[in-house]
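# sequence unknown, structure follows:
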């Protein structure tokens, strides 16, 4: 009964609520309801501490998006996790599986392979080490700046056309190859597996 009376007394604003909100009246209301104010302050403090602790604890991001890979030996598209680092072992047991970037004009029903991508062995080792949280990724005597250089130079791209050569993605030819070709409608879109 006492709690109910205290609750309704705290929740109901008087008719002259502007008068009630004057600083001296607020102090009186806080003094009259000190136990409720203490409980609210404790709950807010617990929520704030939980938020700070949650932000301080490192958490590994989850990345489970699927992308297209292309098998250079069988000439077929395969769906794999985006976190896989090409080249991967293909159907023939050799490292022939590379990442494929597909685009379309409008709907993805008419998608085409714009370019293929893989890493050099050193860059692939660096990517795998970074994904597992190891540093420095590319070796014991490699600093982070050198690591970034290895990744930039170690990403290779090529056209899906037979006989095309792998070039550095960081080169002028590589950047031009990765630029999607314009569509007549102007709406180029990247296509991902469903």
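It's in. Since the model is a prediction, treat every value here as computed from it, not as a measurement.
# hey, let's count contacts and neighbours off CA atoms from now on
Noted.
# Not counting its neighbours along the chain, what's nearest residue 95?
Once flanking residues are discounted, residue 95 sits nearest to residue 89: 4.2 Å by CA to CA, 6 or more residues apart in numbering.
# Okay, strands next: where are they in the chain?
66-71, 76-81, 97-105, 112-119, 155-158, 167-168, 188-191 (DSSP state E).
# Can you list the helices and strands that the fifth one packs against?
It stands for strand 155-158. strand 112-119, strand 167-168, helix 172-178 (3 or more CA pairs under 8 Å, 6 or more residues apart in numbering; DSSP states H and E).
# and the angle for the first one with strand 76-81?
In this structure, strand 112-119 runs at an angle of 60 degrees to strand 76-81, with axes from the mean of the first three to the mean of the last three CA atoms, to 10 degrees as the basis.
# can you pull out the helices in this structure?
Remark: helices assigned in the chain by DSSP state H are 2-11, 17-20, 23-32, 34-56, 121-131, 144-154, 172-178.
# mind putting the strands of the chain in a markdown table, distance to residue 45, mean pLDDT and mean neighbour count included?
Shown next, in a markdown table, are those (distance: least, CA to CA, whole Å; pLDDT from 0 to 100; neighbours: other CA atoms under 10 Å):
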| stretch | distance to residue 45 | mean pLDDT | mean neighbour count |
| --- | --- | --- | --- |
| strand 66-71 | 41 | 92 | 22 |
| strand 76-81 | 41 | 90 | 15 |
| strand 97-105 | 49 | 91 | 23 |
| strand 112-119 | 49 | 91 | 21 |
| strand 155-158 | 49 | 90 | 23 |
| strand 167-168 | 53 | 90 | 20 |
| strand 188-191 | 46 | 87 | 17 |
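# Those into CSV, with extra columns for distance to residue 40?
What follows is the strands of the chain, written out as CSV (distance: least, CA to CA, whole Å):
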stretch, distance to residue 40
strand 66-71, 46
strand 76-81, 46
strand 97-105, 54
strand 112-119, 56
strand 155-158, 55
strand 167-168, 60
strand 188-191, 50
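# Between these, which one is closest to residue 127.
Closest approach to residue 127 among the strands of the chain (CA to CA): strand 112-119, 9.0 Å.
# Let me know the angle separating that closest one from strand 66-71.
Using the same axes, to 10 degrees: strand 112-119 against strand 66-71 is 80 degrees.
# Work out the sheet partners of strand 112-119 and label each with its direction, please.
strand 97-105 (antiparallel), strand 155-158 (antiparallel) (DSSP bridges).
# Out of these, flag the one nearest residue 126.
Proximity to residue 126 (CA to CA) singles out strand 155-158 among the strands paired with strand 112-119, at 11.3 Å.
# Can you tell me what sits against that closest one?
By CA atoms under 8 Å, 6 or more residues apart in numbering, the surrounding residues in contact with strand 155-158 are 115-120, 123, 164-170, 174, 177-178.
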